[in-house]
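Student: Quick check, what structure comes out for this input:
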Amino acid sequence: MKGGVGDQLTEFATLSLLRQWKMPFEIINSQRLYQSNRLPKRITRLYISGGGNMGSLYAECQSLRFRASQMGLPVTVLPQSFTDPHEDVDLYDTVWVRERASLAICPSARLAPDLAMSARLPARSEAIVRKCGVYLRQDTEALFPEQRSNIGDPERLSTNLAAYLDLIAPFERIVTDRLHFAIAAMLMQRQATLLPNSYNKNRSMWETWLGELGCGWAGHPDELPACRRKRVSNNLPVAGDLSKRSPRSMPPEGLARPPMEIRTCRPLEFNDDVYVFADILLDGDAKAVWFRVDKRNRRFLNDLADPFLLAFLQLAMRKNRSLWIRNAGVSAGLLRNLQQFQRVWSLWHKEYSEVEVYADSISNVEGKRARGEGRAIASFSGGVDSTFTLFNHTQNKLNRYKHNLSHAMLVHGFDIPVNDQASFESVRQQCKQVANDAGLKLLVVATNIRDFDFDWEQGHVSAIAACMHLLSGGFRTGLVPSTLNYGVLYPWGSTPLTDPLHSSNDFRVETDGADYTRVDKLRLIRKWATGVENLRFCWVAEPYDYNCGRCAKCTMTAIMLLIAQASKKSIQPFPQSKRIERQLETFVVSRLDRSDLRNDLDRLKSMQHKPGWLEKLLIKLEHE
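Tutor: Below you'll find the predicted structure:
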């Protein structure tokens, strides 16, 4: 259930626990819940996320819970507070509450702490520069909206969890009526004093849990000496303070259209993960983008804003907005290459314009130096092209110029929605098996960049490069498996011409395998049983961990696999040959597929015994 930034603390803690317990799950947003009459059979129970409020105060949330109860599945409500008794709890299989006042309103519920309290945050290393910070809410639950000492409502001062925690970091003590803000302060080993809100939640949470854990309580801000002073400003020193930057790092005044801003935040270590956040500001709207890696891989993280520049440059070009990177620098080498990339891209695609890029600093020292003695990382999804790249640099005897490939990178949030953990976990296991068989380590990145207005077909390599640059503290080269081969190059998201223009001076992005057709790739990897058995190339199947066997992509891959395994005289019988014949009638063979087949056409035409699907394919290639 969508909430504020503070509710992200509960959400991230909950998802972290589910991953830790290896429970398969899928996040269902409110839009999908309202639009669906039934959910997939793989979903057997609905959990309403905790940290919120039950009762009639928030009608939209109550309506969403009612909708969930009508889906024909048992519903468990994770720890919440009751604003009042006006909710039919009999609709739900199990209700958890987070404090005793709510348990008195709903005696049939079960008591458990707010799940945000399970989060683990590392102690912040920066110096404490102020004694006390007062942050008070400015909404329907506020009791002290005119308090002069109030710095502001943390929900309005931040749009992501990292920025939320940055508000706490400079202070020795936090005074707040925001429950999750007080919990976050305690998790960061700061002193916290909780104030009441408009109903029983804060007082009861303090009496039930927080008081025993060292949180203070005050009935009114004026009970505290720090809150009786005049209103304080929030002019705190932050990374990348623009007042200390050269004017040339800022967009000039008087631009016809305001720039798209990317405001980066320091990495946030949260339980077993590290999140790298930035806020994307466009036309007054702010939305958080993030990358997530296992904290064991934190040593690989680059400390520049290059990943965000790569992820959002094409969106800025499509909207004809200059791009302003704040609170972090970008590498000079990447900027030079992206200038050339923009020229090429705008010539190929008239809907894209060249735009200016501004940054707080431009670094000739390209972030953390690679620590891998020339190591390489390859993008890997389980498809034919990426499986070949792993094979090409670990087992292919024909390749005399192998990179020192050590890791395969799998991204959650590209072809599998970042909300679908169940499908992704199955795919991760498959990919891990393939990577390990090739002697490589699988490195997982998760991101929500596809939640933005993203043209995936044209921008997917920029997204891949963004994830690779995120990890470039540990590698010198990133390998992008080729889709196009040199025999069929045309303006598209990934080409051997434009992929390398995503490089910086210290980290090279290279296209791999463009000198092979897809049939050639299958012919080489066909004896690698682990690689072939775990191929996943379908984008239609849902869940996403198998191949549907019916779509154009599945049909053409099956055909190419048959051709790759064919002898000089014939193709072995295939149990689904009749299905392939029928499916060939339903789609047009793409330009790329024609190119992948071209090296084998003469041999296929000369075969004496052609199966029916091959006859139909040859006719299709000749007449379309």
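Student: shaky segments in the stretch 201-350 of the chain?
Tutor: The stretch 201-350 of the chain contains residues with pLDDT under 70 at 228-248.
Student: let's see it at 80
Tutor: 226-250, 252-254 (pLDDT under 80).
Student: Could you pull out the strands in it for me?
Tutor: Along the stretch 201-350 of the chain, counting by DSSP state E, counting those that start in this stretch, strands occupy 216-217, 260-264, 268-270, 273-282, 285-294, 323-331.
Student: what do you get for the stretch 501-624 of the chain?
Tutor: Using DSSP E, counting those that start in this stretch, the strands of the stretch 501-624 of the chain run over 508-512.
Student: if we can go back for a sec, what's the most buried one of the strands of the stretch 201-350 of the chain?
Tutor: Ranked by mean neighbour count, these are led by strand 323-331 with a mean of 24 (mean count of other CB atoms under 10 Å). All C-beta atoms are positioned from the backbone trio N, CA, C, and that covers glycine.
Student: That one vs strand 273-282, what angle?
Tutor: Per axes from the mean of the first three to the mean of the last three CA atoms, to 10 degrees, the angle that strand 323-331 makes with strand 273-282 is 140 degrees.
Student: for residue 515, what are its contacts?
Tutor: Listed by CB atoms under 8 Å, 6 or more residues apart in numbering, the contact set of residue 515 reads 485, 486.
Student: should've said residue 604
Tutor: The contact partners of residue 604, by CB under 8 Å, 6+ apart, come to 563, 597, 610, 614, 618.
Student: returning to that earlier point: now the strands of the stretch 201-350 of the chain in JSON lines, please, with extra columns for distance to residue 72.
Tutor: Below are the strands of the stretch 201-350 of the chain laid out as JSON lines (distance: least, CB to CB, whole Å):
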{"stretch": "strand 216-217", "distance to residue 72": "44"}
{"stretch": "strand 260-264", "distance to residue 72": "43"}
{"stretch": "strand 268-270", "distance to residue 72": "34"}
{"stretch": "strand 273-282", "distance to residue 72": "34"}
{"stretch": "strand 285-294", "distance to residue 72": "33"}
{"stretch": "strand 323-331", "distance to residue 72": "47"}
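Student: if we can go back for a sec, biggest separation within the contacts of residue 604, which pair?
Tutor: Based on CB to CB, the longest span within these runs between 597 and 610 and measures 14.3 Å.
Student: Could you give the average pLDDT over stretch 553-568?
Tutor: Stretch 553-568 shows a mean pLDDT of 79.
Student: again with stretch 72-92
Tutor: Here the average pLDDT along stretch 72-92 is 94.
Student: what sits up against the helix or strand harbouring residue 175?
Tutor: Assigned by DSSP states H and E, residue 175 belongs to strand 171-176. Strand 171-176 is contacted from outside by 128, 130-136, 154, 168, 181-182, 185, 190-195, 218, 221, 224, 226-227, using CB under 8 Å, 6+ apart.
Student: Could you give me the ChimeraX syntax to select whichever of those are buried?
Tutor: Buried members of the contacts of strand 171-176, defined by 16 or more other CB atoms under 10 Å, are picked up in ChimeraX with:
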select :132,133,134,135,136,154,168,181,182,185,190,191,192,193,194,195,221,224,226,227
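Student: Can you flag which of the contacts of strand 171-176 belong to strands?
Tutor: 130, 131, 132, 133, 134, 135, 191, 192, 193, 194 (DSSP state E).
Student: Is it correct that the first one is in contact with residue 170?
Tutor: Yes. At 5.5 Å, residue 130 counts as touching residue 170 under the criterion of CB atoms under 8 Å.
Student: can you confirm residue 199 is in a helix?
Tutor: No. Under the criterion used here (DSSP: H, G, I helix; E, B strand; the rest coil), residue 199 is coil, not part of a helix.
Student: got a list of what the nearest residue to it once chain neighbours are set aside touches?
Tutor: Counting by CB to CB, 6 or more residues apart in numbering, residue 199 lies nearest to residue 83, which is 5.2 Å off, once chain neighbours are set aside. Residues near residue 83 by CB under 8 Å, 6+ apart: 53, 54, 55, 56, 57, 58, 199, 201.
Student: sec struct for the residue lying closest to the fourth one once chain neighbours are set aside, please.
Tutor: So the one you mean is residue 56. Distance criterion CB to CB, 6+ apart; nearest residue to residue 56, sequence neighbours excluded, is residue 86 at 4.2 Å. Classification of residue 86 using three-state DSSP returns coil.
Student: Tell me which residues of stretch 517-528 come out buried.
Tutor: For stretch 517-528, the buried set under the neighbour-count rule, 16+ other CB under 10 Å, comprises 517, 518, 519, 520, 521, 522, 523, 524, 525, 528.
Student: Looking at those residues, spot the one nearest residue 387.
Tutor: Closest to residue 387, out of all of the buried residues of stretch 517-528 and judged by CB to CB, is residue 525, at 6.1 Å.
Student: So that closest one sits against residue 533, correct?
Tutor: No. At 10.9 Å, residue 525 does not count as touching residue 533 under the criterion of CB under 8 Å.
Student: Point out where the stretch 51-200 of the chain drops to low pLDDT.
Tutor: Within the stretch 51-200 of the chain, the ranges that satisfy pLDDT under 80 run 51-52, 122-127.
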